[in-house]
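*Asks:* need a 3D model of the following:
(one chain, ligands or ions: 2)
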Amino acid sequence: MRYLVSGKEMKLLDQNTSQVFHVPELVLMEQASMAFVQKLLLLKQNKLSTALIACGSGNNGGDGLAIARLLREQGIFVFVWLAGEEEGHRTSSSYDVQKQICSAYSIPVVQKEKVSAGEASYDVVIDALFGTGLSREISGELANDIDVLNQLSGWKVAVDIASGICSDDGAVLGTAFRADDTITFSFGKKGQYLWPGNEYCGKVHVVSMGITQESWLDHKPHTAVLEPEDLKKLPSRMAHTNKGSYGKLLIIAGSVNMSGAACFCAKAAYRMGSGLVRVFTCEQNRLILQTKVPEAVLVTGQENEEETLLAEQLQWADAVVFGPGIGTGQRARRMTSTVLAQCRVPLVLDADALNIIADQPELLEQAKTDIILTPHPGEMSRLTKKPVSEILTTLEQSAETFAKRFHVICVLKDFHTVTAVSDGMTYVNLSGNNGMATAGSGDVLAGVIGSLLAQGMKAEEAAPLGVYVHGLAGDAAKEKCGVRGMMASDIIEGLKEVEKS
Ligand SMILES: NC(=O)C1=CN([C@@H]2O[C@H](COP(=O)(O)OP(=O)(O)OC[C@H]3O[C@@H](n4cnc5c(N)ncnc54)[C@H](O)[C@@H]3O)[C@@H](O)[C@H]2O)[C@@H](O)CC1
Ligand SMILES: [K+]
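*Replies:* Ligands and ions are numbered 1, 2, ... in the order given. As a prediction, this is how the structure comes out:
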């Protein structure tokens with residue numbers, strides 16, 4: 001697991017490193033610039049001969065000037081564009097020092113007219129206009145400067161973060177540099193991974209520059225990303241075990257004409273390691289389920305006995321998934337009330353269950369168990385009565401607010417799904433790909449998380465780990481069938497590969 005930080009947190013880390021550990025700002029700047037250059041050369045395998053470095057007037061610009069000097073040492077023809085100064089902005093003291101050094105080494109400075117005329121081309125265009133200090137919309141000439149940079153040909157690389165992207169939430173403040181790669185210092189910044197910032201920052205590379213975990217002091221980071229080493233947290237398999245050792249999962253899913261959701265969910269749960277899965281569904285789905293997932297035990301009942309049967313099944317289970325394909329009719333509404341009132345084991349609420357709860361979110365307050373909700377932005381919009389556009393641009397905040405308000409775990413699904421758990425941690429998921437935007441993908445996720453819960457994982461661990469594993473399964477599916485042809489069943493097959501990774 002590694003942490004992601006906001007701009008404010010990065011400033012705090014910076015201050016603590018300078019004030020408590022006595023590392024001067026210029027030392028950090030030098031280390032950052034050296035790490036940047038090392039990574040840059042590694043990425044292009046030393047095949048660079050010309051570079052343009054656009055510098056703002058703060059410390060991001062100071063980095064840019066130091067990078068110019070270090071690239072020159074490597075025999076690269078560098079040109080710096082002092083865009084911040086040209087626009088009359090106040091310079092930082094470290095920027096002033098770096099500029100003096102650049103002048104002493106006669107590093108060539110180009111003016112805007114020359115850059116915008118496109119007279120010269122550069123192998124790499126480096127953006128050092130703004131970093132984590134960006135605090136308001138970019139306007140006027142500086143906005144135009146960014147447009148000029150975006151129109152240049154060549155490889156585009158941002159120093160720390162693409163200028164114009166808010167480090168906290170990924171918003172575009174006015175306009176933004178479009179980077180192919182971003183080389184960032186010490187910790188990933190949240191805005192590099194949240195939409196739309198992720199599209200502007202390109203591939204993000206975190207390099208070390210001398211700020212360590214010790215600089216957190218008493219402050220606790222609260223946003224994290226899971227990594228391959230976190231797979232060690234998956235429930236272990238013991239030698240002398242049987243199917244009962246790996247949890248009893250109840251999946252309440254499917255309705256007339258909706259059998260697929262139950263199939264995907266149950267199959268995914270078995271592929272995730274469950275020993276026993278029961279599917280509570282309607283009688284019409286018997287044939288298809290018994291053909292597609294013969295391993296699952298089916299429970300169906302007549303309308304007059306369904307409530308009693310459901311209550312019995314809730315008693316049997318170690319964990320429950322409720323919602324995929326149940327519809328939003330009277331039967332589904334009755335079941336929602338029963339499940340929320342009577343379930344005493346960890347519960348995943350997905351799909352139609354979320355649409356029903358959207359009409360009565362207070363039902364969540366009555367529940368007496370750990371609840372994980374897995375809405376996509378459309379379902380979240382119905383749950384919160386906020387437009388989808390707002391949910392998409394405030395993904396982390398939306399998940400966190402909902403989790404806190406209802407004391408639940410909120411898995412807000414998107415390209416980079418955000419999971420807010422009730423203890424205050426939030427996870428941004430980086431596994432997965434756009435091939436997973438396909439029908440049934442959400443049912444697979446619900447089955448994966450449900451399976452981990454039934455195997456005894458705590459809800460606050462099962463939710464982010466399930467999301468991560470689901471993404472890895474999607475990545476394995478991409479290897480086999482690409483993104484266009486990927487179907488939910490391929491993601492289920494991909495689950496088999498995760499263990500090997
Ligand atoms: N955190 C650290 O410890 C280190 C940070 N370094 C660099 O320093 C950067 C942060 O530097 P700064 O805090 O000086 O900030 P920036 O260089 O990102 O921005 C410069 C200044 O521009 C002003 N500004 C903000 N928004 C503006 C807007 N829309 N239009 C015009 N002016 C605006 C602000 O006063 C801000 O301080 C990092 O991104 C990184 O590149 C490195 O030098 C290494 C050490
Ligand atoms: K930048």
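*Asks:* check which residues of whichever strand or helix holds residue 398 are buried.
*Replies:* Secondary structure from DSSP states H and E places residue 398 in helix 395-406. Buried residues in helix 395-406, counting neighbours by 16 or more other C-beta atoms under 10 Å, are found at 395, 396, 397, 398, 399, 400, 402, 403, 406. Using the backbone N, CA and C atoms, a C-beta is placed for each residue, glycine as well.
*Asks:* now stretch 420-430
*Replies:* By 16+ other C-beta under 10 Å, the buried positions in stretch 420-430 come out as 420, 421, 422, 425, 426, 427, 428, 429, 430.
*Asks:* so where do the strands sit in the stretch 401-501 of the chain?
*Replies:* Taking DSSP state E, counting those that start in this stretch as the test, the strands found in the stretch 401-501 of the chain are 409-412, 418-420, 426-428.
*Asks:* okay, those strands in JSON lines with mean pLDDT and distance to ligand 1 next?
*Replies:* Listed next are the strands of the stretch 401-501 of the chain as JSON lines, based on pLDDT from 0 to 100; distance: least, C-beta to the nearest ligand atom, whole Å:
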{"stretch": "strand 409-412", "mean pLDDT": "98", "distance to ligand 1": "28"}
{"stretch": "strand 418-420", "mean pLDDT": "98", "distance to ligand 1": "23"}
{"stretch": "strand 426-428", "mean pLDDT": "98", "distance to ligand 1": "19"}
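*Asks:* care to break the chain down by domain?
*Replies:* Split into domains by automatic domain parsing, the chain comes to 2-221, 228-498.
*Asks:* so does the shortest one get close to ligand 2?
*Replies:* Yes - using C-beta under 5 Å from the ion as the criterion, contacts between domain 2-221 and ligand 2 involve 127, 158, 159, 163.
*Asks:* any idea how far apart the tips of that domain sit?
*Replies:* 10 Å (C-alpha to C-alpha, to the nearest Å).
*Asks:* pLDDT of it, averaged?
*Replies:* Across domain 2-221, pLDDT averages out at 96.
*Asks:* who touches stretch 353-370?
*Replies:* 322-323, 326, 328, 332-333, 336-337, 339-341, 343-347, 349, 371, 373-375, 379, 382-383, 406, 408-409, 458-459 (C-beta atoms under 8 Å, 6 or more residues apart in numbering).
*Asks:* state the distance from the residue of the chain most remote from its centre to ligand 2.
*Replies:* Centroid-distance maximum for the chain: residue 304 at 44.6 Å, with C-alpha atoms, centre = their mean. Per C-beta to the ion, to the nearest Å, residue 304 is found 66 Å from ligand 2.
*Asks:* between the strands of the stretch 401-501 of the chain, which one is nearest to residue 200?
*Replies:* Nearest to residue 200, of all the strands of the stretch 401-501 of the chain, is strand 426-428, at 16.2 Å by C-beta to C-beta.
*Asks:* quickly run through the sheet partners of that closest one, with directions.
*Replies:* strand 223-225 (parallel), strand 418-420 (antiparallel) (DSSP bridges).
*Asks:* most tightly surrounded among those strands?
*Replies:* The highest mean neighbour count among these, using mean count of other C-beta atoms under 10 Å, belongs to strand 418-420: a mean of 27.
*Asks:* just the helices from the stretch 151-300 of the chain, written as ranges.
*Replies:* 197-201, 260-271, 286-292 (DSSP state H, counting those that start in this stretch).
*Asks:* how far does the last one sit from the chain's center?
*Replies:* In this case it means helix 286-292. Mean-position distance between helix 286-292 and its chain equals 36 Å (C-alpha atoms, centre = their mean, to the nearest Å).
*Asks:* mind giving me JSON lines with the helices of the stretch 151-300 of the chain and columns for distance to residue 56?
*Replies:* As requested, the helices of the stretch 151-300 of the chain are exported to JSON lines (distance: least, C-beta to C-beta, whole Å):
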{"stretch": "helix 197-201", "distance to residue 56": "16"}
{"stretch": "helix 260-271", "distance to residue 56": "48"}
{"stretch": "helix 286-292", "distance to residue 56": "58"}
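*Asks:* closest one to residue 108 among the ones you listed?
*Replies:* Closest to residue 108 of the helices of the stretch 151-300 of the chain, according to C-beta to C-beta: helix 197-201, at 28.2 Å.
*Asks:* mind listing what's buried in that closest one?
*Replies:* Result for helix 197-201 [16+ other C-beta under 10 Å]: buried residues 197, 198, 200, 201.
*Asks:* what about it, near ligand 1?
*Replies:* No - looking at helix 197-201 against ligand 1 by C-beta under 6 Å from any ligand atom, there are no contacts, and the closest approach is 12.5 Å.
*Asks:* hmm, who's touching that helix?
*Replies:* 158, 161-162, 164-166, 169-172, 176-179, 182, 191-192, 415-416.
*Asks:* list the contacts for residue 429?
*Replies:* Per C-beta under 8 Å, 6+ apart, neighbours of residue 429: 225, 226, 416, 417, 418, 419, 464, 467, 468, 471.
*Asks:* what's the closest of those residues to ligand 1?
*Replies:* residue 225 (19.2 Å; C-beta to the nearest ligand atom).
*Asks:* one step back: distance to ligand 2 added to the contacts of residue 429, as JSON lines?
*Replies:* Conversion of the contacts of residue 429 to JSON lines gives the following (distance: C-beta to the ion, whole Å):
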{"residue": "225", "distance to ligand 2": "21"}
{"residue": "226", "distance to ligand 2": "27"}
{"residue": "416", "distance to ligand 2": "21"}
{"residue": "417", "distance to ligand 2": "27"}
{"residue": "418", "distance to ligand 2": "24"}
{"residue": "419", "distance to ligand 2": "29"}
{"residue": "464", "distance to ligand 2": "29"}
{"residue": "467", "distance to ligand 2": "30"}
{"residue": "468", "distance to ligand 2": "29"}
{"residue": "471", "distance to ligand 2": "28"}
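*Asks:* can you list the buried residues in the lengthiest helix in the chain?
*Replies:* Across the chain, the longest stretch assigned as helix under DSSP state H is helix 459-481. Under the neighbour-count criterion of 16+ other C-beta under 10 Å, helix 459-481 has 459-460, 462-478 buried.
*Asks:* again, but for stretch 101-108
*Replies:* 102, 107.
*Asks:* of the contacts of helix 197-201, just the buried ones, PyMOL syntax please.
*Replies:* A single PyMOL command suffices to select whichever of these are buried according to 16+ other C-beta under 10 Å:
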select buried, resi 158+161+162+164+165+166+169+170+171+172+176+177+178+179+182+191+192+415+416
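*Asks:* just the contacts of helix 197-201: which are in strands?
*Replies:* 158, 182 (DSSP state E).
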